[in-house]
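Asker: quick one, fold the following:
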Amino acid sequence: MHNLDIGKQLGASPLVRALAALPAGRLGAGIVSIGSMLLIWHVMSLHFRPWVPDIGATLTAIGQQLQSPGFWENFFLTLGRVLTAFVAASVVGAAIGLLIGLNERAEAFFQPLLALALAVPDPVYIIFAILALGTGETAGFVALTIAVVPFVTNIVRSNVHARDRALDEMAQIYHLPRPVRLMAVLVPQLVPALLTAMRFSFALSWKLVVVVEAIGQPNGIGSAIFHSFRQLRMREVAAIAIIFIITMQLLERGVLGRVEKRLLRWRN
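Answerer: Got it, this is the predicted structure:
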C-alpha cells in the first residue's frame, strides 16, 4: 500500500503505479534478475563476438524486424501452427488421459505405449514424420501432435488417479447418472490438471514448432532463424528469437494465465 500511495502522490503513469504496487522484494528481485542477464549478455558479446551480438545491435535488429512485412508473415504463419498443434494435442491428450485414468483395461493397453512415447526424444518424431510424409504442413502437424500428446495424457491420467474416491462413492450411493457424475464430480476435480496440461502443451508446442520449421519448412519463424544462422547474421537470429519468445510468454501468461485464474477463482 505504501508503494502504491507514493506512485499516486507523484502523479505517475499507470505503468509506474502498477510497478509501485508490486511488493518491493518481488520488484527488486525482478530488476536484479534482468540486470544480471543483460550483464552476462554484455560480457559474452565482448568475448564471443561476432557469435554473440551486442545488446545495441540486437535492439536495432529487433526494430528492423518489427518493421518488416516478411517477419510478420512468418510470425502469423508460425502462430497458426502453434495454436493448431496446441489445440489438437490438448484435446487428444486429455481424452486419452481420461480414458486411461477411468478404465483399467484401457490403462493396461495404453500404459506401455505411453511409457515408450514419453521416452522417445521429440526430434525423433519430427524426423520420422518428415521421412514418412514429406516437408508439408501435414508432417509438421502430425509430428507436433504425437510429440506433445504423451505429456498431456500423463498429466491428466495422474490426476484422475489422484482424485477423491469418496466423492465417487457418494455419487454412486445417490445413484447419480453417469453424465452428472462426470460433469459435477469428476471434471471440477480435474480442472487444475487440465489447465496445467494446457499450459504445458502450449509451452512445448511453440518450441517444437520452431524446431519443425527449422528442419523441414520453407517458411515460418524457425525457418527464418535457421536462414539467418546459415548466413551468420547473428543479430537477426537473436532479434527474431527474442520477439517470438516474448510474444509466446505474453500469450501463455496473459491469456492462459487469466483463464486459469478465472476457473480457479473458487479456491480463493
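
Asker: name the residues of the helix or strand containing Val32 that are buried.
Answerer: Following DSSP states H and E, the helix or strand that holds Val32 is helix 24-47. Neighbour-count burial for helix 24-47, counted by 16 or more other Cβ atoms under 10 Å, picks out 41, 45. The C-beta positions use only the backbone N, C-alpha and C, and glycine is treated the same way.

Asker: got it, and stretch 157-170?
Answerer: For stretch 157-170, by 16+ other Cβ under 10 Å, it's 157, 159-160, 163, 168.

Asker: what do you get for stretch 99-113?
Answerer: Neighbour-count burial for stretch 99-113 [16+ other Cβ under 10 Å]: 99-102, 107, 110.

Asker: pLDDT check: weakest of those residues?
Answerer: Of all the buried residues of stretch 99-113, Leu102 carries the smallest pLDDT score, 80.

Asker: ok, that residue to Arg163 distance?
Answerer: 10 Å (Cβ to Cβ, to the nearest Å).

Asker: and for Leu251?
Answerer: On the measure of Cβ to Cβ, Leu251 and Arg163 end up 30 Å apart.

Asker: tell me the secondary structure for Val52?
Answerer: coil (DSSP: H, G, I helix; E, B strand; the rest coil).

Asker: circling back to that earlier point, columns distance to Leu133 and secondary structure on top of the buried residues of stretch 99-113, output as TSV?
Answerer: Below are the buried residues of stretch 99-113 laid out as TSV (distance: Cβ to Cβ, whole Å; DSSP: H, G, I helix; E, B strand; the rest coil):
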residue	distance to Leu133	secondary structure
Leu99	27	helix
Ile100	27	helix
Gly101	31	helix
Leu102	33	helix
Glu107	30	helix
Phe110	24	helix
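
Asker: how about low-confidence regions in this structure?
Answerer: 1-26, 164, 167-169, 171, 174-176, 180, 182-185, 263-268 (pLDDT under 70).

Asker: for Ile242, list the residues it contacts.
Answerer: Ile242 makes contacts with 58, 62, as judged by Cβ atoms under 8 Å, 6 or more residues apart in numbering.
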